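K.L.:
Sequence first, predicted coordinates after that:
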Amino acid sequence: MELARYVVDAVVLEGRSCREVARAHGVSKSWVAALVARYRSGGYEAIAPRSKAARKVANRSTDELEDRVVRLRKELTDEGFDAGAHTIHYHLSLSDPSPPSVSTIWRILKRRGFVTPQPHKRPKSSYIRFEAQLPNEMWQSDVTFFELRDGTKAEILNFLDDFSRVCVASKVLETTTAPDVVATLYEAGGTWGLPASVLTDNGCIFTSAYRHGYSAMESELFHLGIDYKHSRPYHPQTCGKVERFHQTLKKFLRKQPRARTIAELQAQVDRFVAYYNEVRPHRAKARKTPRSAFDSRDKARPIKRDGTFTRELRVRHDRIDRHGVVTLRYKSKLHHIGMGRALAGTRIVLLVAGRNIRIITTGGRLLRDFELDPARDYQPRGLG
């Protein structure tokens, strides 16, 4: 702008020729002449630099399309779901055989003020990542917290398949205990099949290694032939997939009316899990849904140990009666299990894997581990 004004003043005010001014400043005579002509028709404003952008873009998205993208963006955001360009592209493709490209959707969102471009980050190729090669090869598990309307904190226990990102279990509890973890594992195993391994952090509900013992979950995993792995202390990145799932889940929950009870919160969690598993395309799985990724390959299985593994899994909470006995129905027949009068009134958890019965206290201590004899009504007391 400074050079343009200078040469215009040199010609108009000083009366110098366009050729002379152009030669003195190393510019073309035609450029100087064009500037002088623009000045004489519109003043100094006319010689301001002009944008080189096209005045009309032939293939620009229609207002109708932009409105559809924006409307879908707002709907997904209001529901607490992911609303990025890839997700919007997926939802548009469900009703439009030729949806706009992901880059086009991104530009629409940027133009409408929904996206702020970020500076370039590290290339993805520089990250060292681990991912299981088969569904059920490894599950990750962790607990997160969420407040009810009255400020009471509830705990959410999540199990996530490492390969497909399927959420195999998401249980809302007042306080998560070791038996709750085992019961949730059995419930998820009955629906999805048991995993070959489980990865958790070092929480006391998962492991008792720091107490030089075995937790209820460690004992059950060994019994079922499931390998157990845990992260090193203060390194949540090892369980990064389930940690990231916590963020996605809580982003959704914060958009919902604050639940008043555990049951209401569980209903909200169940709604999200159904959407997450069956509808939401996952970026890490080439925009396939976690369920479709889970169904795309054969499943890994636990290591069978001497016939102890079975898919007939049940978990029962009970109390030993005053005679030191607890009952269990197997194949429609009721059996009585002797536990001893000294344990009368003790709350217990029965872990039933076919005919193998394991009875533990709510604190995780093993009381009995035996094979049920279907021919006997009364199962004698004793360990093993």
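P.N.:
Done, it's in.

K.L.:
give me the low-pLDDT residue ranges for the stretch 251-384 of the chain?
P.N.:
304-312, 331-332, 382-384 (pLDDT under 70).

K.L.:
show me where it has helices.
P.N.:
262-278, 290-295 (DSSP state H, counting those that start in this stretch).

K.L.:
what's the answer for the stretch 1-150 of the chain, then?
P.N.:
For the stretch 1-150 of the chain, the helices defined by DSSP H, counting those that start in this stretch occupy 2-12, 18-25, 29-42, 63-79, 85-93, 102-111.

K.L.:
Using CSV, lay out those together with mean pLDDT.
P.N.:
Below are the helices of the stretch 1-150 of the chain laid out as CSV (pLDDT from 0 to 100):
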stretch, mean pLDDT
helix 2-12, 82
helix 18-25, 86
helix 29-42, 88
helix 63-79, 87
helix 85-93, 86
helix 102-111, 88
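
K.L.:
Figure out which of those is closest to residue 184.
P.N.:
Minimum separation from residue 184 across the helices of the stretch 1-150 of the chain (C-beta to C-beta) falls at helix 63-79, 26.2 Å. From N, CA and C alone the C-beta is placed, and that goes for glycine too.

K.L.:
Comparing the helices of the stretch 251-384 of the chain, which stretch has the densest surroundings?
P.N.:
Scoring the helices of the stretch 251-384 of the chain by mean neighbour count under mean count of other C-beta atoms under 10 Å gives helix 290-295 as the most buried, with a mean of 19.

K.L.:
Let me have the helices of the stretch 251-384 of the chain in a markdown table, adding distance to residue 45 as columns.
P.N.:
Compiled in a markdown table, the helices of the stretch 251-384 of the chain are given as follows (distance: least, C-beta to C-beta, whole Å):
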| stretch | distance to residue 45 |
| --- | --- |
| helix 262-278 | 55 |
| helix 290-295 | 58 |
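
K.L.:
Residue 185 and residue 226, how far apart?
P.N.:
Separation of residue 185 from residue 226 (C-beta to C-beta, to the nearest Å): 9 Å.

K.L.:
Which one of these two is surrounded by more residues?
P.N.:
residue 185 (28 against 24; other C-beta atoms under 10 Å).

K.L.:
sorry, back to before: now, of the helices of the stretch 1-150 of the chain, which is deepest in the fold?
P.N.:
Comparing the helices of the stretch 1-150 of the chain by mean count of other C-beta under 10 Å gives helix 85-93 as most buried, with a mean of 20.

K.L.:
and the angle for that one with helix 102-111?
P.N.:
Relative orientation of helix 85-93 versus helix 102-111 (axes from the mean of the first three to the mean of the last three C-alpha atoms, to 10 degrees): 110 degrees.

K.L.:
what packs against helix 85-93?
P.N.:
Packing partners of helix 85-93 (3 or more C-beta pairs under 8 Å, 6 or more residues apart in numbering; DSSP states H and E): helix 63-79, helix 102-111.
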